[in-house]
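Participant: Let me see the structure of the following:
(one chain, ligands or ions: 1)
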Amino acid sequence: MIGAPGAGKGTQATVMSEKFVIPHISTGDIFRSNISKKTELGIEAKKYIDKGLLVPDELVVNIVIDRLQEKDCSNGFVLDGFPRTIPQAKALDQQLINANSSIDYVIDVEVPDEVIIKRMAGRRVCPKCGEPWHTKYKTTLVENICDRCGESLIRRKDDDPATVEKRLTVYHDQTQPLIDYYRGKGLLVEVDGTKDLKEVSKSIIATLEMGKCQ
Ligand code: AMP
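Facilitator: Have a look, this model is predicted:
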């Protein structure tokens, strides 16, 4: 699942994970969980995340490769926020070749920057279970309380407006080249992420069920 920060890739990854009964692997969630536990990885990653920068490839790749070898990934998985650079994509390709596996689809959730900036203002997350919420587009039953686990929601530090701008620049410079990379491999599915989130899910599911890539 590829997309700019705030494009809704995490939300769509959750839907796909439930629909196809496969694990949802979010590198952002892995980092946030390490940050809250104050692990060595979390302390190192936080230095980059809080500035809106990408965590260096060497810190990300091995975590994902280890995670993909866990038993629950044997029937597939949805990767959310990984790969984010060409070297990460190449490391993933190599690992999948080694494991005699492959990527079926790369879903690019397309949203213009100006829409992202407006959306980010309402973004919230559960600090306990990691579920993403939104004050307008994905509301909780009780204001500011996670429906899944009852924890009070927070705004991520990297969702503040200046950091969002930096993250968008980093996205265009380092992650967007992956779109051509995967288009060239015939794996890319582009969806309009400005639509209602249920519409976006429907269009992703319909495309996957038809087995159609660009
Ligand atoms: P996300 O929740 O996917 O937006 O990720 C939050 C932050 O974690 C990003 O802004 C990056 O700083 C870092 N991060 C997550 N995934 C990666 C990745 N694949 N490569 C480098 N940094 C990442």
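Participant: which stretches of the protein form helices?
Facilitator: 9-20, 27-36, 40-49, 57-68, 86-98, 113-120, 161-170, 177-184, 197-210 (DSSP state H).
Participant: nearest to residue 2, of these?
Facilitator: helix 177-184 (6.0 Å; C-beta to C-beta). The way it works is simple: take the backbone N, C-alpha and C, and place the C-beta from them, glycine included.
Participant: sorry, back to before: can the helices of the chain go into a markdown table with extra columns for mean neighbour count?
Facilitator: Shown next, in a markdown table, are the helices of the chain (neighbours: other C-beta atoms under 10 Å):
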| stretch | mean neighbour count |
| --- | --- |
| helix 9-20 | 20 |
| helix 27-36 | 19 |
| helix 40-49 | 16 |
| helix 57-68 | 16 |
| helix 86-98 | 15 |
| helix 113-120 | 16 |
| helix 161-170 | 16 |
| helix 177-184 | 15 |
| helix 197-210 | 15 |
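Participant: nearest to the ligand, of these?
Facilitator: Each of the helices of the chain has some distance to the ligand by C-beta to the nearest ligand atom; the shortest is helix 27-36, at 2.1 Å.
Participant: Show me what the closest one is packed against.
Facilitator: helix 40-49, helix 57-68, strand 78-80 (3 or more C-beta pairs under 8 Å, 6 or more residues apart in numbering; DSSP states H and E).
Participant: Kindly recompute the last result at 7 Å.
Facilitator: When contacts are defined as 3 or more C-beta pairs under 7 Å, 6 or more residues apart in numbering; DSSP states H and E, helix 27-36 sits against helix 40-49, helix 57-68.
Participant: Flag every residue of this protein that's near the ligand.
Facilitator: 5, 27-28, 31, 48-49, 53-55, 60, 81-84, 88, 158, 167 (C-beta under 6 Å from any ligand atom).
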